[in-house]
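Engineer: missing the sequence, but the structure's below:
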């Protein structure tokens, strides 16, 4: 039998708990540099215009103003993650209300703000394309020079279409011909904002040699560095980016936003410059979740077998591409659902509009896709008179099956999550008890619904090092950001496990890389680095103990002879010896590079994200109460069962599930950034509603941990999956409660009440 | 023929030139942290006392005071480089005037200063041992518990003797019996202060988890970290030391001074604390060059052959050991001079006294030893009627000879430096022209003298890494401090050479390690690290160019096919490929560990520093004018010829020679910390004189570069050697000018005038 794990699989106190609860964590806004100025950004009030002229002279003359910059101060370079179409400060045109036009640094924030008002910008307004379908068809171009933009993947572009991504498996027309029933629905989802507590904030400093240091609360400090190098035309060796603690990110703090302006101002003023973005700016110029429209046609046999699914998706990515093609691609890869369907066609458009830039938000594409296919799945079950659970189990993918992209699947625990969720929910009984059919003609009706979701892990690479000091304590550096999710704690656990050390002997420094798959990705890199250190310790100990390396183990602060734990030499002693021999600390370095699974490129066209890396599955069950008078929906119960592989830190996993579900409930019931011809209507937390404690039930979560004996090799990511099925489960529960199917998110009281009234009048 | 070097062997603009000349370098005193307090240290006014009581209550009650600490706030731990005898804040006793007794942190410096005056310390004064010979013989102990102190080398200790270090080769008594002439002299040297512009300064910050960050202008940040860990009993993973730019060090900023008090204060006040040491404190509690007394007896044959040399040395190391045994050992290893003497005995005492702690200053032990043996060498030449040059050449060590410690020598360029110096000086003519014998009965007389010195390199180990960013630019990190000597520039040159890059593509970060042998030590570590990166680039390029690795070379920003430089792939492109393949930057890591040369331990006793690592030699010729009325000595001409092996950066080498000579002239003519029963009498720059521009002639330097074809493998250190022979050469020049031999440094006008008068009256 394998040795039990000691440090992984437990929930120790978070390594950053003390700094967090004492309020001493240093976030982006907390950075102070001597002689620092305050910077503010002037943003376009109009969604589409030619910039005729910018007059900054009055602003420059205002006492206390130390620098004013515009797009003309930057090299003529466009940047972008996927299509290089964007500039840090506008030149020639603005394409959304909120686009940065100029920036000011002054001795205080009020003076900077005042200076902004003195900048005269002559806008020549242009027609506004605020609807993605309209933009797709229009001959009015947002980017006249789109053909000159560099794309870093083989994009299928044309005019306002940033990318058209396609998946074709089998022949949907033949499939539909074989089907007994055809379902055709259009689903619409809204723009959701990350609603992190902390807005974007940075401080930039430029030394006389031109070397740049930027402190920023960013998920991707290395990307910030690369992009700053690109837009400022600086060698990367002269750009140093320091990631601060981050007050929530959720995908909204990827790469540069105000950093280039801060650097320009700092360089011009010869003083450090701090910019803290206001929340009004966050709503106008942040990077929220994409709104999308999904048309879905499905052919089903009488016995419930899905035979064909044809999907057309339009993603509204706003004024610049950013991660739009990636988000659209994610959705395209997931939108047919985790079901065996031999004939699939997905035609996904990512489209420019004159709206703020949409991009990544926790599981980008996941909730949109799942809302569509899981709503329709319940509609199919109902029309065929099948139980929704049975229909899903009948069609669910399993080990050995092929995803429509051509990827072969293994370690699929979809069935288990579904069965466990149904068991915990007391599904059959609850289904009978509630529901529109089961009576409930009163004002308050209850229903239960479920949905299954899929996600992928570890797309990205990361590096890590482990350094053992001469006293045997350890410093771990990892190419990963702790977004508050407990990454540092998990990496300390992995190191403790590998080296047989206590948690208090380990300090973790995180810095960079991408996204929220950090446990999956970074823990492997750290383990590899720690293993190198362990190997060196074992060799030193073998000499000290006159034993063979293979007879030794790292355990409880020492290298010990297996079976004779008293025969041991302390790590501190070995580290001291190593330090003298080598003249430096024991070092280990590890890298982890996600290997792309095989896909069938014959079935794909211009599809940047066809891979399901190490896929994970989840089922959620929601029980709701609908107020038929006001349309208000209360979530009474939420069960989440996740295929986690192995939980390195069960407490951290629970926190991720609770947080994801809460954000999913907000997405389902209330969150929506609303626009009027490109302008944000509700850019503040008085009108953009997010759930508060009374809106969230206690989340009942269960883990499917079938890979627990593999330790961190068994880990599947948990940061993103919990948000994926929530809205779909609630949609199905509302239908169960009311008999009314709503195909558009969010389920605000207004929308639900309207739908109920329309259904009522339809029935009459 | 070997390829010529491109980047090494040249003098590019120093990489830190711009920040230095624009005044934007961040030194220790420039560090500002939000909410920072000012700390001050209370120091003992008495040289030896028992601490009966310390009452800090009034200081604590002063408005604006945030923390007061004493030795009782520290764990009961002693530290020390060689003997663990010291505490950061005194407990029980004070042993020198200037020893830290308490510390205060307050909102400003004036308040902290005021608070110091409110601390009441009850001293019970004890007998003061201020003379090393007296302390050596005394039964009064400075350290009653000396036997309990941990020694980290096999020290020969007893009472006030910190260490007695011995070298015995052959049989001096038999040698003296064979000699035709016996010379017996006692030489005395003084305490010299480093006189760096910037005093010790640090800022300490403690986070709520207890993690410590210290910014300090220290030569040895890694040692500061280790010592802070030791005295505060903290795991090293919780101590982060950041070295700032350093405004001169010269060996005076090694390891902790006020840092522990700053940390204690910061922890107690829960705010960052800055301490900037006043220059009065620097003189009282800095770590100046040892005063020493050297009794030297030499037996010589009539033909000039040195047959025996017996030496007794007493080093006054002050109240605590610090690097005292090392400095004494250096002197002991050098004090017989670079001459073939088959019978040698060195008996070297390092002794505690109630004076401030003496330690390392540029070439510790070198100038003291050289003043003694080279003064006596001229006395021998004169008595035997030999030319001083001829006597030295006759006895000089050469390749294949053995040092008295048993070390075999090679690459010895002593003879060449001597011959070249004599040639440049026009020795024979100048010797005839000036001098007491050659007339000159007026007030101003001129003389010329020379001296040869020996030094060693690369005792210590260092590590380095080289990281190539995805754009092909490079960041170099090295375990070395740039003390203003141009280390960063040299390391950039080495990297540029290895990778075929321009200097502007490289940034260097230095951090730590020891002393001034940085070019010798760090450049090898950096080269090893860069070579690893180059190897990876060559392999990538071989695939890209479809060529064999051995046919490629790194040159001018690309990997090129040898002989077909147009067939090339840019480093930036290769770095980008590597970054994608590996998911991180190209990394190389290098270490260099000085290998200790063989010595004969049969000849040594308790001698911690018997090694001449890669020895280097130098000859200096001084021409002086002596004012026989005032005793004032002017150095008219100073020729320095150094055995450098290979000059990586000739401009930097010249600067080191000029600086070393200037400091040597100060040592020879004016610098001396004076004490009255343990108390410093001249602790400021009004009374402690250092040379200014008019005191320093243009230094004529020549390099002996016999290893230039070996590149950095041929490097010998240059930071320390130039100070070594200066005082001895001046001593011999004064004798040549006046006929008066002065055996005690410095040659102040008062001392010279007195000696001349005494000689005059002796002659009468």
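Structural biologist: Nice, I can see it. Keep in mind that this is a model prediction, so the values were computed, not measured.

Engineer: Need the phi and psi values for the nearest residue to residue A:191 once chain neighbours are set aside.
Structural biologist: Nearest residue to residue A:191 in three dimensions, chain neighbours excluded: residue A:673, at 4.1 Å (CB to CB, 6 or more residues apart in numbering or on different chains). Every residue, glycine included, has its C-beta placed from N, CA and C. Main-chain torsions, residue A:673, degrees, to the nearest 10: phi -80, psi 120.

Engineer: So what's the residue count around residue A:673?
Structural biologist: 23 (other CB atoms under 10 Å in any protein chain shown).

Engineer: now swap in residue A:405 and tell me
Structural biologist: 24.

Engineer: and it, how far is that from residue B:684?
Structural biologist: Using CB to CB, to the nearest Å, residue A:405 is found at 79 Å from residue B:684.

Engineer: can you check residue A:636 too?
Structural biologist: On the measure of CB to CB, residue A:636 and residue B:684 end up 80 Å apart.

Engineer: Output the below-cut-off pLDDT ranges for the stretch 651-764 of chain A.
Structural biologist: When residues are selected by pLDDT under 70, those of the stretch 651-764 of chain A lie in A:763-764.

Engineer: Quick one: residues contacting the residue most central in space within chain A.
Structural biologist: Geometric centre of chain A, nearest residue: residue A:362, 3.0 Å, by CA atoms, centre = their mean. By CB atoms under 8 Å, 6 or more residues apart in numbering or on different chains, residue A:362 lies in contact with A:194, A:250, A:251, A:516, A:660, A:663, A:719, A:720, A:723.

Engineer: now do 6 Å
Structural biologist: A:250, A:251, A:720, A:723 (CB atoms under 6 Å, 6 or more residues apart in numbering or on different chains).

Engineer: rewinding a little: for the residue nearest to residue A:191, give me its contacts.
Structural biologist: A:191, A:193, A:288.

Engineer: ok but residue A:492 is inside a helix, no?
Structural biologist: Yes. With DSSP: H, G, I helix; E, B strand; the rest coil as the criterion, residue A:492 is located in a helix.

Engineer: Give me the pLDDT for it.
Structural biologist: Note for residue A:492: predicted pLDDT of 89.

Engineer: Can you list phi and psi of the spatially closest residue to it that is not a sequence neighbour for me?
Structural biologist: The shortest distance from residue A:492 to any non-neighbouring residue, by CB to CB, 6+ apart, is to residue A:506 (4.6 Å). Phi and psi for residue A:506, reported as degrees, to the nearest 10, are phi -120, psi 130.

Engineer: try residue A:676
Structural biologist: Dihedral pair for residue A:676: phi -120, psi 110, per degrees, to the nearest 10.

Engineer: Just give me the neighbour total for the nearest residue to residue A:361 once chain neighbours are set aside.
Structural biologist: Nearest residue to residue A:361 in three dimensions, chain neighbours excluded: residue A:289, at 3.7 Å (CB to CB, 6+ apart). Look at residue A:289: counted by other CB under 10 Å, it has 29 neighbours.

Engineer: Residue A:289 reaches residue A:194, doesn't it?
Structural biologist: No. Using CB atoms under 6 Å as the test, residue A:289 is too far from residue A:194 to be in contact (8.0 Å).

Engineer: overlap in contacts of the two?
Structural biologist: With CB under 6 Å, 6+ apart as the test, residue A:289 and residue A:194 both reach residue A:361.

Engineer: Excluding chain neighbours, what is closest to the residue of the stretch 251-400 of chain A found nearest chain B?
Structural biologist: When distances are taken as CB to the nearest CB, the stretch 251-400 of chain A reaches nearest to chain B at residue A:270, 9.0 Å away. Excluding its sequence neighbours, the residue lying closest to residue A:270 (CB to CB, 6+ apart) is residue A:206, at 7.6 Å.

Engineer: what residues does chain A put near chain B?
Structural biologist: Counting by CB under 6 Å from any CB of the partner chain, the positions of chain A adjacent to chain B are A:18-19, A:22, A:24, A:32, A:34, A:207-209, A:235-237, A:461, A:463, A:469, A:471, A:473-475, A:507, A:583-584, A:591, A:593.

Engineer: what about residue A:712, neighbour count?
Structural biologist: Other residues close to residue A:712 by other CB under 10 Å number 23.

Engineer: Reduced to three states, what does the closest residue to it other than its chain neighbours come out as?
Structural biologist: Leaving aside its sequence neighbours, residue A:712 sits nearest to residue A:523 (CB to CB, 6+ apart; 4.8 Å). Following three-state DSSP, residue A:523 is assigned to helix.

Engineer: give me the low-pLDDT residue ranges for the stretch 501-650 of chain A?
Structural biologist: Ranges of the stretch 501-650 of chain A meeting pLDDT under 70: A:511-521, A:583.

Engineer: Strands along that one, start to end?
Structural biologist: A:506-510, A:552-555, A:558-561, A:564-570, A:586-592, A:604-605, A:616-627, A:633-643 (DSSP state E, counting those that start in this stretch).

Engineer: One more: the stretch 151-300 of chain A?
Structural biologist: Under DSSP E, counting those that start in this stretch, the stretch 151-300 of chain A gives strands at A:161-169, A:181-189, A:201-206, A:212-216, A:239-243, A:273-276, A:291-300.

Engineer: I'd like those strands as TSV, with mean pLDDT and mean neighbour count appended.
Structural biologist: Below are the strands of the stretch 151-300 of chain A laid out as TSV (pLDDT from 0 to 100; neighbours: other CB atoms under 10 Å in any protein chain shown):
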stretch	mean pLDDT	mean neighbour count
strand A:161-169	98	23
strand A:181-189	98	16
strand A:201-206	97	26
strand A:212-216	94	24
strand A:239-243	89	22
strand A:273-276	98	26
strand A:291-300	98	24
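
Engineer: Dump these to JSON lines, plus distance to residue A:577.
Structural biologist: Below are those laid out as JSON lines (distance: least, CB to CB, whole Å):
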{"stretch": "strand A:161-169", "distance to residue A:577": "57"}
{"stretch": "strand A:181-189", "distance to residue A:577": "61"}
{"stretch": "strand A:201-206", "distance to residue A:577": "41"}
{"stretch": "strand A:212-216", "distance to residue A:577": "38"}
{"stretch": "strand A:239-243", "distance to residue A:577": "34"}
{"stretch": "strand A:273-276", "distance to residue A:577": "47"}
{"stretch": "strand A:291-300", "distance to residue A:577": "60"}
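
Engineer: before we move on, back to that, can you give me phi and psi for the residue of the stretch 251-400 of chain A closest to chain B?
Structural biologist: phi 60, psi 30.

Engineer: Could you list everything the residue lying closest to residue A:186 once chain neighbours are set aside pairs with in the sheet?
Structural biologist: Nearest residue to residue A:186 in three dimensions, chain neighbours excluded: residue A:295, at 4.8 Å (CB to CB, 6+ apart). Residue A:295 has these beta-bridge partners by DSSP bridges: residue A:186, residue A:312.

Engineer: The residue nearest to residue A:492 against residue A:474, yeah?
Structural biologist: Yes. At 4.9 Å, residue A:506 counts as touching residue A:474 under the criterion of CB under 6 Å.

Engineer: Between the two, which has more neighbouring residues?
Structural biologist: The neighbour count for residue A:506 versus residue A:474, taken as other CB under 10 Å, is higher for residue A:474 (29 against 25).

Engineer: hey, what's the more buried one bridged with?
Structural biologist: Under the criterion used (DSSP bridges), residue A:474 bridges to residue A:468, residue A:506.

Engineer: need the contact list for it.
Structural biologist: For residue A:474, counting by CB under 6 Å, 6+ apart, the contacting residues are A:468, A:506, B:237.
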